[in-house]
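Student: Provide a 3D model corresponding to the input given below.
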Amino acid sequence: MTDETGAADVNDFSTTGRAPGAPGAPCWTSLRTHGLGVAHDFYGPLLGWEFTPGKGGPLRELIATAQGRPVAGIGLLPDDARLTAEWTPFLTAEDIDRAALAVRQCGGTMGVGPLDDAEGGRVAFCSDPAGAVFGMRRLPRSYPSPAPGLPGTPAWLELVVAETRFAVRFYQGVFGLGPETAPSPAEERVVLRHAGRPVLGIRGAGLSVHRAGGAHWLTYFATPDVDRATEHAVALGGRISRPPTNGLNGRSVQLTDPDGAPFGLLTPAASRAERDTADARGARVNSA
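Tutor: Below you'll find the predicted structure:
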């Protein structure tokens, strides 16, 4: 079901068997914030990220790495900009130029690019017909392959729109994905798949999406323990938007960072089962 904010329940979708590196799969994410230092001190301890200066310099941009893998860029919003902090996902596209043409043909808008990035990849910024902003990126050849479930990496993307039909057609047309409707009385949730494996989710939230500022993405990052990570996030200055919940495919929470940027945390079911097994073994050893 959709909650009153129009947010999606990531637990309704299978993420443990998703298709990293497939067309449309998350490969990168970018945060624009009013406080670079605040973001550094929040996401670093929370997600185990390490940081290096981006091309804008350490006062303007940071590159976050998770266990040596570049996963996100964090940039500073202009001082006079009346913009809210937010995460923007980047979807995999091996042929950026062809994908950019498809964006236009399918009713989307190209904002910037396609162009080569500083790391040797290729990138473009777009918006879909509902106005949700996203990027497309061909990762540099030197980057390691995506590792689903690795702590600190993007684990799942959810697009929240008023109505799913047109969004499904758009992302199918741009990335060549196939749909699978998830169980729902209102049939308002759709998972787009590549070769039978889930790539991203789309949720229809009706008119409530306008109260949340319009069509938008929610990026979930992998964590070994959602509950502990949630407590840590609050201690670091984050806020809970939706408390941790269980699902067949894992446990998730929706949060905002100290600057108000929404994001989620997810412990996939497989990771949670492995942790619970390890905890049980430790308890038996301690009681012996």
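Student: now do the buried residues in the host helix or strand of residue 209.
Tutor: For residue 209, the element it lies in under DSSP states H and E is helix 208-211. Within helix 208-211, the residues that qualify as buried are residue 209, counting by 16 or more other CB atoms under 10 Å. To be clear about C-beta, it is placed using only N, CA and C from the backbone, and glycine gets the same treatment.
Student: give me the mean pLDDT for it.
Tutor: Per-region confidence: helix 208-211 scores 79 on mean pLDDT.
Student: distance-wise, check residue 45 relative to residue 254.
Tutor: Distance check for residue 45 against residue 254: by CB to CB, to the nearest Å, it reads 19 Å.
Student: more neighbours, those two?
Tutor: Just comparing residue 45 and residue 254: by other CB atoms under 10 Å the higher neighbour count belongs to residue 254, 25 against 13.
Student: surely the more buried one meets residue 266?
Tutor: No. With contact defined as CB atoms under 8 Å, residue 254 does not reach residue 266; the gap is 10.1 Å.
Student: tell me the residues that contact both of these two, please.
Tutor: Both residue 254 and residue 266 lack any common contact, where contact means CB atoms under 8 Å, 6 or more residues apart in numbering.
Student: pLDDT at residue 176, what is it?
Tutor: Model confidence at residue 176, expressed as pLDDT, equals 89.
Student: contacts only, for it.
Tutor: The neighbours of residue 176, taking CB under 8 Å, 6+ apart as the test, are 23, 194.
Student: same deal with residue 114?
Tutor: 96, 97, 100, 122, 123, 124, 136.
Student: A helix includes residue 170, no?
Tutor: Yes. Applying DSSP: H, G, I helix; E, B strand; the rest coil, one finds residue 170 inside a helix.
Student: nothing else from me, thank you.
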